[in-house]
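1. Sequence and predicted model, in that order:
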Amino acid sequence: MGNFTKEDIRESSRLKEKACENCMGKLKGTVSEEEKQQFREAFYTASEGYLFRKKGSSVKAG
């Protein structure tokens, strides 16, 4: 794994939250609040250790 700046990590966290919210928005009206919470927990567990970035952007190793 490369060296990433604090800004890279902050941006990744922001994008991860945005991705999770977008997915949960698609589930609106089809699953219960409890199931949405289970999805959120599963999403964050599965994406742990991954660095999110915008499609087409490059991350420069420090």
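-> Noted; the coordinates are in hand. Residues are numbered from 1 along each chain as shown.
2. drop to CA atoms for contacts and neighbour counts, all remaining ones
-> Will do.
3. which regions of this structure sit below the pLDDT cut-off?
-> 1-2, 58-62 (pLDDT under 70).
4. Could you rerun that using 90?
-> For the chain, residues meeting the criterion pLDDT under 90 lie at 1-4, 54-62.
5. Just want the most central residue of it.
-> With distances taken as C-alpha atoms, centre = their mean, Lys16 lies nearest the centre of the chain, 1.8 Å away.
6. Enumerate the positions of stretch 4-19 that are buried.
-> Residues of stretch 4-19 classed as buried by neighbour count (16 or more other C-alpha atoms under 10 Å): Asp8, Glu11, Ser12, Ser13, Leu15, Lys16, Glu17.
7. could I get those as TSV with secondary structure?
-> Formatted as TSV, those follow (DSSP: H, G, I helix; E, B strand; the rest coil):
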residue	secondary structure
Asp8	helix
Glu11	helix
Ser12	helix
Ser13	helix
Leu15	helix
Lys16	helix
Glu17	helix
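8. which two in those are spaced the farthest apart?
-> Across these, the longest distance by C-alpha to C-alpha is 14.3 Å; it joins Asp8 and Glu17.
9. which residues are in contact with whichever strand or helix holds Cys20?
-> Assigned by DSSP states H and E, Cys20 belongs to helix 6-27. Contacts to helix 6-27, defined as C-alpha atoms under 8 Å, 6 or more residues apart in numbering, come from residues Lys36, Phe39, Arg40, Phe43, Leu51, Phe52, Arg53, Lys54, Val59.
10. and with 6 Å instead?
-> Here helix 6-27 makes contact (C-alpha atoms under 6 Å, 6 or more residues apart in numbering) with Leu51, Phe52, Arg53.
11. Could you do stretch 44-59 as well?
-> Against stretch 44-59 from outside (C-alpha under 6 Å, 6+ apart): Ser12.
12. for that stretch, which positions count as buried?
-> Leu51, Phe52, Arg53.
13. Take the following helix or strand past the helix holding Cys20, keep the C-alpha atoms, and write them as CSV.
-> Along the chain past helix 6-27, the next helix or strand (assigned with DSSP H and E) turns out to be helix 33-47. What follows is helix 33-47, C-alpha atoms only, in CSV (Å, rounded to 0.1, in the frame of the first residue of the first chain):
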residue,chain,number,x,y,z
GLU,A,33,-34.9,0.8,9.1
GLU,A,34,-33.4,-2.1,10.9
GLU,A,35,-32.3,-3.7,7.6
LYS,A,36,-30.9,-0.3,6.4
GLN,A,37,-28.8,-0.2,9.7
GLN,A,38,-27.6,-3.8,9.0
PHE,A,39,-26.7,-2.8,5.5
ARG,A,40,-24.7,0.2,6.8
GLU,A,41,-22.8,-2.0,9.3
ALA,A,42,-22.1,-4.6,6.5
PHE,A,43,-21.0,-1.8,4.1
TYR,A,44,-18.5,-0.4,6.6
THR,A,45,-17.2,-3.8,7.6
ALA,A,46,-16.7,-4.9,4.0
SER,A,47,-15.0,-1.6,2.9
